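**Student:** Attaching a predicted model along with its sequence, questions to come.
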Amino acid sequence: MRALRLHGDRDLRIDDIAPPPPPGPGEVQIRPLAVALNHIDVWGWRGMAFAKRNLPLVTGAEAVAEVVSAGEGVTGWKAGDRVAPYGALTCGHCRACREGRDNLCENVGGVMGFHLDGFAQELVNIPARLLIRVPENVTTNDAACATITFSTVEHMLFDNAKLEPGETILIQAAGSGIGTVAIKEAKAIGCTVIATAGDDEKCARAKELGADHVVNYNTQNFPTVARRVTGKRGVDVVFEHVGASTWAGSLLSLRMGGRLVTCGSTSGVSAETNLMMIFQRQLRIFGSFGASMRNVADGLAKMAGGMTPVLDTVIPLERFTEGLDRLESRRVFGKIVVTL
């Protein structure tokens, strides 16, 4: 069967490999239909964490698939069912897993597509407990954006930052996959959204999505805009995932007691922080990584209700590298989906 495998730094090849055996007890065999690209794919493509995994490695961390067959003891799934496979191989029995906090699993086996073989292949065996059903009225390409994109935003905004209706939120890098979803999620509950982007075209598109105020961070000072919009008070929440280049400004944009939630560091992993400002202004900073299976299901339910992801491009597997290059260079607004 075909599989897209990473052989080394920026070396992706479509290989013919042996198909997996029939699914074992508790497993389901799935056929991936599409994968959505994320920065974790770019990191792997650029050679990060090679010491932690064996190459060649099948890529693809976020996917939608259909059920092919079920192993012994598996109920509730039949051939043709569409599923969103949770890509972290959690243990299922530690305290975090038992409490539904899957992304805090104490014995996680790795992330598929980064540490372990991922979903850019024709067949995959996966534990049945890691599958989330895709609602009938959600398109396959939209569902490909459920297990990382929508769920990450759900976890950031509502589990961590606890965004409330009527609050003001600053959303960094609004043209990204999670940035576009965050705009929709925040507007859906009646929040005022200030969105940043790196050029005027992306700012205009963020405005079309529902952002109340937009800031080109290359030509404008976004903390100044945040203060002006809020009458010098500052925003309630900052949705941060850019890292070093925006970190100080994100903190300056917050009100007294404001909350910053971060899930990324694409512009650099280290940034100076004014600790006095943190404790004097009683700011709260939340680190957010991944999401729970509940977050995935909640995101799919919102898709079924009409809140669809923004798709930048849909490309075939043969153009996977082109998609990674587009994502790395930030020539993207929304999500890139690769069909299999």
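**Tutor:** Structure's in. What do you need? None of these values were measured; they are calculated from a predicted model.
**Student:** CA atoms only for the helix or strand of the chain with the lowest mean pLDDT - export them in PDB, please.
**Tutor:** Here the helix or strand of the chain ranked lowest by mean pLDDT, DSSP states H and E is helix 39-45, holding a mean of 88. Extracted as PDB, the C-alpha positions of helix 39-45 are listed here (Å, rounded to 0.1, in the frame of the first residue of the first chain):
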ATOM      1  CA  HIS A  39       3.100  23.100  12.400                       C
ATOM      2  CA  ILE A  40       3.900  19.700  14.000                       C
ATOM      3  CA  ASP A  41       4.200  18.400  10.500                       C
ATOM      4  CA  VAL A  42       6.500  21.200   9.600                       C
ATOM      5  CA  TRP A  43       8.700  20.600  12.600                       C
ATOM      6  CA  GLY A  44       9.000  16.900  11.700                       C
ATOM      7  CA  TRP A  45       9.800  17.800   8.100                       C
END
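**Student:** Could you list the buried residues of it?
**Tutor:** For helix 39-45, burial by neighbour count (16 or more other C-beta atoms under 10 Å) applies to 39-42, 44-45. For every residue, glycine as well, the C-beta is placed using N, CA and C.
**Student:** those helices in the stretch 51-200 of the chain, which residues are they?
**Tutor:** 95-98, 140-143, 151-154, 177-188, 200-209 (DSSP state H, counting those that start in this stretch).
**Student:** quick one on the thing from earlier: check what contacts the least confident helix or strand of the chain and list those residues.
**Tutor:** Helix 39-45 is contacted by residues 6, 9-10, 12, 49, 57, 59-61, 111, 113-114, 148, 264, 266, 321, 324, 327-328 when judged by C-beta atoms under 8 Å, 6 or more residues apart in numbering.
**Student:** re earlier: mean neighbour count, the helices of the stretch 51-200 of the chain: which tops it?
**Tutor:** helix 151-154 (a mean of 28; mean count of other C-beta atoms under 10 Å).
**Student:** List of residues touching it?
**Tutor:** 178, 181-182, 185, 263, 288, 290-292, 295-296, 298-299.
**Student:** now what about the strand or helix carrying residue 261, what contacts it?
**Tutor:** Assigned by DSSP states H and E, residue 261 belongs to strand 254-262. By C-beta under 8 Å, 6+ apart, the list of residues contacting strand 254-262 from outside reads 156-157, 160-162, 230, 233-241, 250-251, 281-288.
**Student:** which other helices and strands contact whichever helix or strand comes after it?
**Tutor:** Sequence-wise, the next helix or strand downstream of strand 254-262 (DSSP H and E) is helix 275-280. If you count contacts as 3 or more C-beta pairs under 8 Å, 6 or more residues apart in numbering; DSSP states H and E, helix 275-280 packs onto helix 244-252.
**Student:** which other helices and strands contact the helix it packs on?
**Tutor:** helix 222-229, strand 235-240, helix 275-280.
**Student:** These: which one's closest to residue 246?
**Tutor:** strand 235-240 (6.7 Å; C-beta to C-beta).
**Student:** Keeping just the C-alphas, turn the closest one into CSV.
**Tutor:** C-alpha atoms of strand 235-240 as CSV (Å, rounded to 0.1, in the frame of the first residue of the first chain):
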residue,chain,number,x,y,z
VAL,A,235,-8.3,42.8,26.9
ASP,A,236,-9.6,40.0,29.1
VAL,A,237,-7.9,37.2,27.1
VAL,A,238,-5.0,36.9,24.7
PHE,A,239,-4.9,33.9,22.4
GLU,A,240,-1.2,33.5,21.9
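**Student:** Just checking the distance from it to the centre of its chain.
**Tutor:** Taking the mean of its C-alpha atoms, strand 235-240 sits 18 Å from the chain's own mean (C-alpha atoms, centre = their mean, to the nearest Å).
**Student:** So what are the sheet partners of it and their directions?
**Tutor:** Using DSSP bridges, strand 235-240 pairs in its sheet with strand 168-171 (parallel), strand 254-262 (parallel).
**Student:** Indicate which one of those strands is closest to residue 270.
**Tutor:** Of the strands paired with strand 235-240, nearest to residue 270 by C-beta to C-beta is strand 254-262, at 13.3 Å.
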